[in-house]
Structures are given as structure tokens and as C-alpha cells.
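Asker: Coordinates for the following, if possible.
(one chain, ligands or ions: 2)
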Amino acid sequence: MHEVFRQALKTLQNRSHLPPQVNAVRWSSSDAPVPRITTHYTVHPRDKDLRWEGVEMERFADEADVVIVGGGPAGLSAAIRLKQLANAQEKELRVCLVEKASQIGAHTLSGACLEPSALNELIPDWKEKGAPLNTPVTEDRFAILTEKYRIPVPILPGLPMNNHGNYIVRLGHFVRWLGEQAEELGVEMYPGYAASEVLFHEDGSVKGIATNDVGIAKDGSPKDVFERGMELHAKVTIFGEGCHGHLAKQLYKHFNLRENCQPQTYAIGLKELWVIDEKKWKPGRVDHSVGWPLNRNTYGGSFLYHLNEGEPMVALGLVVGLDYSNPYLSPFREFQRWKHHPSVAPTLEGGSRIAYGARALNEGGFQSLPKLTFPGGLLIGCSPGFMNVPKIKGTHTAMKSGMLAAEAIFAKVTDESLQSETAGVHVPEYEQSLKKSWIWKELYAVRNIRPSFHNYFGLYGGMFYTGVFYWIFRGKEPWTLKHSGKDADQLKPAKDCTPIEYPKPDGKISFDLLSSVALSGTNHEGDQPPHLTLMDDSIPVAKNLAIYDGPEQRFCPAGVYEYVPLETGEGMRLQINAQNCVHCKTCDIKDPSQNINWVVPEGSGGPAYNGM
Ligand SMILES: Cc1cc2nc3c(=O)[nH]c(=O)nc-3n(C[C@H](O)[C@H](O)[C@H](O)COP(=O)(O)OP(=O)(O)OC[C@H]3O[C@@H](n4cnc5c(N)ncnc54)[C@H](O)[C@@H]3O)c2cc1C
Ligand code: SF4
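Answerer: Ligands and ions are numbered 1, 2, ... in the order given. Okay, here's the model as predicted:
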């Protein structure tokens, strides 16, 4: 190629150094000039980019027996069970676990009220081993909130909200403890390494994963410190990325795993930790509510748990179903408003907020479970979605699914008489044993509760259904209700909706977004391509802003998306403040254009939660 032409092309590709109005490219579907936003190689491949010419792209590869993606309750339980079995039978088994957080538990966010059933099976002597389950539930309350009142609802025995025998935990601390148990058993742990890519054998089976490359500049060009990620190959790769996994999303498409199930549906959960006045502290109390500030057609509810962690601490949060239809709704501001309810605010008055965060959770339940296995790999935990929605609990099912996967894998890879037809070992036995387990029974029994809220009376119709059908039939009714479709399709155009007037935060009970995000400890290297990638940079303004009045500005709980005026003064552009991202995945789920693809950022970027 002629040198002058090459230089000209290079200058063009480097245009993202220039101000946005100059940095306009004609690559959108409409062919209208739009500011360049996405510079990530998953959208603009490097093999067509001259700036990458001659850069060493070879990756170092390592072999393990089992590779686990994600150090959450599911991944760690799988790791622990695999090594327990191998050690008991004196078999060599190399188990490697990669976790995108810099420390195990630092990306974990949950309620959390833990049902200890799976833990009792996995580590029966967890008390002696010092598991941080410090707060047995002593009091369990449920209520419907109106704007001014709290109407108590009795929790009948057998209803999913019953928490007798459970523990209130800081899930991040529990996960950290699970990590220590795994390490002691000989699991190789790699915190700070995100799996960015699924690798395949020539026969199409999964070969393992690659960790992410580091040292890429914001404009997508290689920095001097560029380092290629590493390949981890395995007989079986376990995907335990939690709700709406980035690699799981690719696997669904690649192996068509969702062809026989309903779409997954989700909620966003926002959470804070507070240290409160000791006189108001009731260690062991569990408070749940539905109703205000959400209207009857918006599914959701609150939690307020009194922890016994050496200081008067409470964990509180609001969960909002992502099937809401009003694009003006802001889950963050609903949460801030909820704290002012007359039954909540007195607990917080005089206290101080010490942590904030958010995370999506699955709500599809039984109907939305995909096929779980494919040659060379399988899915565990909240990645496929073993969440029991009416209980708001998924930790015990996530752990159990990891254990069942481990048992099936161990049996298969250590039995020389069992030959695999593919290079990556297929373990369909996992799905079979899962269907015989208590997870299946539990999720089947509650399958109709969440979809029953799709009725004219909304919340009240759903509660009536739960009271009558669940309490009497325990899920044995001979029908299965359907969800109303994908959450991304539920938003109505802004012109058909009423803007919501939210009260200003008072700085004592309620707070603004940026001071909240600061409490998540989230951090990303600034000079890297935004990991919130857009398939088409023109769609945010042309569709999301034009039709839905920019809902990503409101559903993102970290202020990542902002529409700002173009420097020319004509029109708007989307600004992505990727450093703020707390990895909740809501944008990838709720974007009405399905144009946002969350990919793993560099290194150990993301929140730095301490026991969320
Ligand atoms: C607000 C809220 C309240 C909840 N309340 C409760 C409750 O009270 N009780 C209860 O039992 N459950 C509760 N849950 C659900 C519970 O938190 C989940 O069911 C549980 O955490 C699922 O475990 P998991 O291991 O499948 O996923 P996760 O806990 O999400 O763990 C997945 C891990 O994988 C890592 N990861 C993801 N992608 C990659 C990648 N590509 N490479 C490397 N690492 C990766 C993540 O950083 C994370 O550490 C709640 C959830 C939320 C959001
Ligand atoms: S950018 Fe997306 S994943 Fe990140 S915090 Fe916002 S909504 Fe969540």
C-alpha cells in the first residue's frame, strides 16, 4: 500500500482523538454523520485496522481439566465440589477459576438472606470453619406500602417469603470465605482476570476461554504496554458468570440454547449499607415490602435486613422488575424515594450510608431456563437463571447447581470407559441430575407466581394468585403461565407516558447519583475503549432519544449514559462515562434497541464492594 495512503487512513482511524463533531463517521445504517462512540475491537475488528499491523497477537495457552468462569457462589461451589471429590479419590484434577473482580467477592452484590440448604450439603462443618453467617433470622415481616401507611401481611407457613432458619449475610464476605475454602482444597484462583472470549475446537466444541487483552487506548489503538490475554483450555469449561453473563449470551446464540424456553426476564436491584443508631437496631429482623413507591403495574419490592456484624448495620434495597413500561421511570430515584417512607425513614435518621451498588437479577424462573449443556461446557447458577423470584433467593440454587455440575463432570472426566465424541467433553448428565434435584422441584412450584402479576390488577392480582393457588396447590396447578416477552420490548414511547417528578434528594436519607456511585468504589482505567459497546453509534440519538427520551439515562444506576449537546450546537450526542459502570448489566437487558453490548473491561475494573 502506498505510504501516503496508509498515513491518510491512519489519520482517519485516529479521529477519536478529535472533538466529537469532527470525529464524525459515515458508518451508520442511515449514513448520517454521527460522532464516533464505540472503538472496541469486538465491534471494529483489529485485523482490518492498520494501527494493529505487526502487533504480536499470539497468546500463551495453558491446559487444565476444568476451567470455571466466575467466582460467585455457583462457580466456587463447583470448584470446591470438584476438588473435594478429586482429593477423596486421590485423583489429579487441575481446576482453574477466573474472576473479573480484583478480589473474590468484590463484584458480588446481593440482599442477602441466605438459605443454608446447599451450604449444609457442601461444607457441613461450615460453623467450625468460620463461615461468616453471623445473623440467624429472628423476625420476619412483610407489608404492603401505600404512600403514607404500612399494611402488615401475615407470612403463612410454607409461603416463599418465610425466612425461618435462614441467615442474613454480607454475600461478598461469604463468597470471599468460599474462595478461601476453594484455595485450601487446591483450586487455582485467578482474581482480576476476566474471560473475554469463548474458544472452540475445530469440531465446534468449547475448548476453553481467553482472558482479556490489556493495554488498548481509548481510541482502540494498541498502547506500548499492550499485552495479549491468555488462553485457558479445559476438558470442560463451566460458565458461572451470574445474571446475564457476557459469554453466556454468545453461547445461547452459538448453540441455540434458548430455542425451547421463554425469554429470560429480569429486575434491577439497588442496595445500600447503613450504620444506624444502635437503639433502632434489631439484629436478625427481615423486612420485605411491595407497593409504594412503585405503582401496581410495576413489579418490585424492598428489603431491609438488620445485620449482626459487630456494629449496628442494616442492608436495604429496592428491586424493580425490568418489564416496566414508562421510560421516565428511574429505578435509582424510586429507591431514594422509598427510603423516605414513614415506616423506613425513622430507622435511617441519624445513621450514615457506607456503601451503594446495583446488580440485575433473573426473574424468568422455570419457564426461562435454557438448555444447560453443550459439547465442552455447561452453565450454572444465575447465568442460566436458577433464581427463586418470590423468595428473592438464588444463592442456594446457584450453589447446588455448581455442585451438581461438578459431580457430573468429575464422574465423566475420571471414567476412562466414558469416551467423549467431541474434543471438548459434553456432560448432559448434569442437566439430568439437575432435573431430579430439589432445585427443579422448587422452581417448578413457584413458576406461576411472577407471571401472575401480568394482569389488569397488577400487584394485587398477583398477590391474590399467590394466596389462592400457591398456598393451596403449591404449584401443582396443571398450567404454566407465560411471561409477557423480553424486557427490552416493554417500554412505551415517551409521548404516551407521563414524566415522573422525583423529589430532590435531601442529602441525609436520599442522595444524588454521583455521590452514590462514589460509594461503590468502582474504577476503570480511563484510557481504554468503553466496554459499553454500541452495535450502531447512530441508534442512541435516532431511536432511544427520539422515541423513548433517552431511557438509558434513567435505568443505568451509575450515570454512565448522558445525552449532551453536540459541540456544533445542533442536536445531541450520547456520552458514555464507562468508568462509572458497576457491572449490573441493566443496559444490555433493557436497551429498547438492543444495541448495547456489555463486554468485559480491562483487568480488574469494576466495583470494589466490601461485603455487598
Ligand atoms: C439486589 C439483590 C438481592 C438479592 N437477594 C438475595 C437474597 O436475599 N438471597 C439469595 O439467596 N439470593 C439473593 N439474590 C440473588 C443472589 O445474589 C444470586 O442468586 C447469586 O449471587 C448467584 O450466584 P452466581 O454465582 O450464579 O452469580 P454471581 O453471584 O453474580 O457471581 C458471578 C461471578 O462471576 C464473575 N464474572 C462474570 N462474568 C465474568 C467473566 N466473563 N470473567 C470472569 N468473571 C466473571 C462476576 O464478577 C461474579 O463474581 C439477590 C440478588 C440481587 C441482585
Ligand atoms: S453501564 Fe450498564 S452495566 Fe454499567 S452500571 Fe450502567 S446499566 Fe449497569
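Asker: centroid residue for this protein?
Answerer: The residue lying closest to the centre of the chain (Cα atoms, centre = their mean) is C243, at 3.9 Å.
Asker: Can you say which helix or strand has the closest residue to A608 other than its chain neighbours in it?
Answerer: What sits nearest to A608 in space, not counting adjacent residues and going by Cβ to Cβ, 6 or more residues apart in numbering, is G521, at 3.2 Å. Yep, even glycine has a C-beta here, placed from its N, CA and C like the rest. Using DSSP states H and E, G521 sits in no helix or strand.
Asker: which helix is the longest one in the chain?
Answerer: Identified as the longest helix of the chain according to DSSP state H is helix 395-413.
Asker: Give me the buried positions along that one.
Answerer: 395-410, 412-413 (16 or more other Cβ atoms under 10 Å).
Asker: same check, this time on stretch 573-590
Answerer: For stretch 573-590, burial by neighbour count (16+ other Cβ under 10 Å) applies to 573-590.
Asker: Low-confidence ranges, this protein, go.
Answerer: Applying pLDDT under 70 to the chain flags residues 1-33, 457.
Asker: Now do the same contact list for the nearest residue to A411 once chain neighbours are set aside.
Answerer: Nearest residue to A411, sequence neighbours excluded (Cβ to Cβ, 6+ apart): E429, at 6.9 Å. Listed by Cβ atoms under 8 Å, 6 or more residues apart in numbering, the contact partners of E429 are A408, A411, K412.
Asker: now the first one: how far from V425?
Answerer: Here the distance between A408 and V425 works out to 10 Å (Cβ to Cβ, to the nearest Å).
Asker: and if you look at the last one?
Answerer: Using Cβ to Cβ, K412 is found at 6 Å from V425.
Asker: tell me, what's touching these two both at once?
Answerer: Joint contacts of K412 and V425 (Cβ under 8 Å, 6+ apart) are V236.
Asker: Which of the three states applies to the residue in the stretch 301-450 of the chain that ligand 2 sits nearest to?
Answerer: Taking Cβ to the nearest ligand atom as the measure, the stretch 301-450 of the chain has A358 as its residue closest to ligand 2, at 6.6 Å. What DSSP: H, G, I helix; E, B strand; the rest coil gives for A358 is strand.
Asker: List the contacts of it.
Answerer: Contacts for A358 (Cβ under 8 Å, 6+ apart) come out as L109, I268, G269, L270, K271, P331, F332, P557, A558, V582, C584, T586.
Asker: rerun at 7 Å
Answerer: L109, I268, G269, L270, K271, P557, V582, C584 (Cβ atoms under 7 Å, 6 or more residues apart in numbering).
Asker: What is the burial count for the nearest residue to the third one once chain neighbours are set aside?
Answerer: Read that as G269. Nearest residue to G269 in three dimensions, chain neighbours excluded: V319, at 4.5 Å (Cβ to Cβ, 6+ apart). V319 has 25 neighbouring residues, counting by other Cβ atoms under 10 Å.
Asker: Sheet-wise, list the partners of the helix or strand V319 falls within with their directions.
Answerer: Using DSSP H and E, the element containing V319 is strand 312-321. Here strand 312-321 has these sheet partners by DSSP bridges: strand 266-275 (antiparallel), strand 300-308 (antiparallel).
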